[in-house]
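**Student:** Here is a sequence with its predicted model. Questions after.
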Amino acid sequence: MKHIEWKYLVGLHKLYTDGKTKLKILNNDYINLILFKQKKLIRFKSGNHSIIEANQRYTEFYKLELLDTHNYYNTFFEQSGIENNAKKTFTQEDLEALMFVYYNKKELQEKLTTVKKFSARVFRNENSKYLENKPSLKTAVLQLLEVNEFPEKDPKNQQWRFVIDCDNPKAIVLCENLDCLKIPVEYKKNNIELWYVGGNNTKPLQDIQQDKLQLPIYYFCDWDYAGLNIYSKVKEIFHNKNKEIQIIQPPANAKRLPVGVKHHKSKWKKEDFSGLTEGNFSQEQVDFINQLISDNEWVEEESMDLINLLDADLS
């Protein structure tokens, strides 16, 4: 999905339905740089720069690229009861998280954790006090969960498994992080079924039914110590089921980040190969990981294009 917040999607949808809008959609970088300047799908009305118009090619582009995403957001607002107000101070991640909570309400209600652990898991790019510092967002989350407050203590049973089903899956991707599951439109369109089992909590995978094991299964994660260590555990679980899984490998030109970057807690170990099992990786992957360890860097899951990488592997 393109990084377009709801208030800008409203303007783009207005262009689709009415052919014009007065909303300030050019404040969004993607709309301004790609749709306006590069593709020239939209333009200022002649003699009036307060109105933006769509050209003849815009309708086809919007239907193909953005209509499903708009409808996904819009359905959430209509069904959830959350006020559809573009002036609210919800970031894009906030909104995606609210949708995830809504569509996975039953599972979250049954396994509700403390507000700090919930915040750290669902809002991965923020700290554990994020929800507590955004009372309107916390209120919306509690409204969606239909509870008055988060529990003060963590329950013993934290066996999460969230699934984003699709009609005719061609592959299953286990995600270390929740981000892909928050906006699953593109993955469903590409027949990719997404699973999330709570990061280091791999126990639910032991109960996966056999019919799911007929599909190719991949693991999508941060290429840091934590992500690769969890992959090794997941790989062993499936190996015991006589099913081999593959890890989604970053492209050679993947963006690398310093291990000490803000909000990143996973550090490489001082042991050889960081204590990971080399046999769980191909020689190319071992070389790549050793380079990351040597440079004290990592590759973030969100920086990789899962659909393109998976298409290349499946084709």
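**Tutor:** Great, that's in hand. Numbering: from 1, shown residues only.
**Student:** CA atoms for contacts and neighbours, from now on please.
**Tutor:** Fine.
**Student:** What segments of the stretch 151-300 of the chain are helices?
**Tutor:** Assigned by DSSP state H, counting those that start in this stretch, the stretch 151-300 of the chain shows helices spanning 179-182, 185-189, 225-239, 283-295.
**Student:** May I see those organised as a markdown table, with mean neighbour count added?
**Tutor:** Below are these laid out as a markdown table (neighbours: other C-alpha atoms under 10 Å):
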| stretch | mean neighbour count |
| --- | --- |
| helix 179-182 | 20 |
| helix 185-189 | 17 |
| helix 225-239 | 19 |
| helix 283-295 | 15 |
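**Student:** Lys269 is nearest to which of these?
**Tutor:** Smallest distance to Lys269 across the helices of the stretch 151-300 of the chain (C-alpha to C-alpha): 7.6 Å, for helix 225-239.
**Student:** Quick check: chain neighbours aside, which residue is closest to Tyr130?
**Tutor:** Closest residue to Tyr130 apart from its sequence neighbours, by C-alpha to C-alpha, 6 or more residues apart in numbering: Ser119 at 6.2 Å.
**Student:** Tell me, how many residues neighbour the one you found?
**Tutor:** For Ser119, the number of neighbouring residues by other C-alpha atoms under 10 Å comes to 21.
**Student:** Now do the contacts for it.
**Tutor:** Glu126, Asn127, Ser128, Lys129, Tyr130, Leu131 (C-alpha atoms under 8 Å, 6 or more residues apart in numbering).
**Student:** Now do the SS call for it.
**Tutor:** Of the three states, Ser119 takes helix according to DSSP: H, G, I helix; E, B strand; the rest coil.
**Student:** Make residue 1 into 21 and carry on from there
**Tutor:** Yep, numbering from 21; the last one is Ser139 now.
**Student:** got the contact list for stretch 258-266?
**Tutor:** Under the contact criterion C-alpha under 8 Å, 6+ apart, stretch 258-266 has outside partners Gln226, Leu233, Pro236, Ile237, Tyr238, Tyr239, Lys255.
**Student:** how many neighbours does Glu264 have?
**Tutor:** By other C-alpha under 10 Å, the residues close to Glu264 number 15.
**Student:** Can you check the pLDDT for it?
**Tutor:** Looking at Glu264, its pLDDT stands at 93.
**Student:** and it, how far is that from Asp333?
**Tutor:** To Asp333, Glu264 is 15 Å away according to C-alpha to C-alpha, to the nearest Å.
**Student:** quick one on the thing from earlier: could you flag which of the contacts of Ser139 are buried?
**Tutor:** For those, a burial check counting by 16 or more other C-alpha atoms under 10 Å picks out Ser148, Tyr150, Leu151.
**Student:** Could you single out the nearest of those residues to Ala191?
**Tutor:** Distance to Ala191 across the buried ones among the contacts of Ser139 (C-alpha to C-alpha) is lowest for Ser148, with 33.0 Å.
**Student:** sec struct for that closest one, please.
**Tutor:** Put simply, Ser148 is coil when judged by three-state DSSP.
**Student:** does it really touch Ala140, like I thought?
**Tutor:** Yes. Ser148 lies in contact with Ala140 (C-alpha atoms under 8 Å); the separation is 4.6 Å.
**Student:** who wins for most neighbours among the contacts of stretch 258-266?
**Tutor:** Note: the member of those with the most neighbours is Tyr239, at 22 neighbours, neighbours being other C-alpha under 10 Å.
**Student:** for this structure, longest strand please?
**Tutor:** Secondary structure of the chain read by DSSP state E shows that its longest strand is strand 68-74.
**Student:** now for that one, which elements pack on it?
**Tutor:** Here strand 68-74 is seen to pack against helix 26-38, strand 40-41, strand 62-65 when contacts are counted using 3 or more C-alpha pairs under 8 Å, 6 or more residues apart in numbering; DSSP states H and E.
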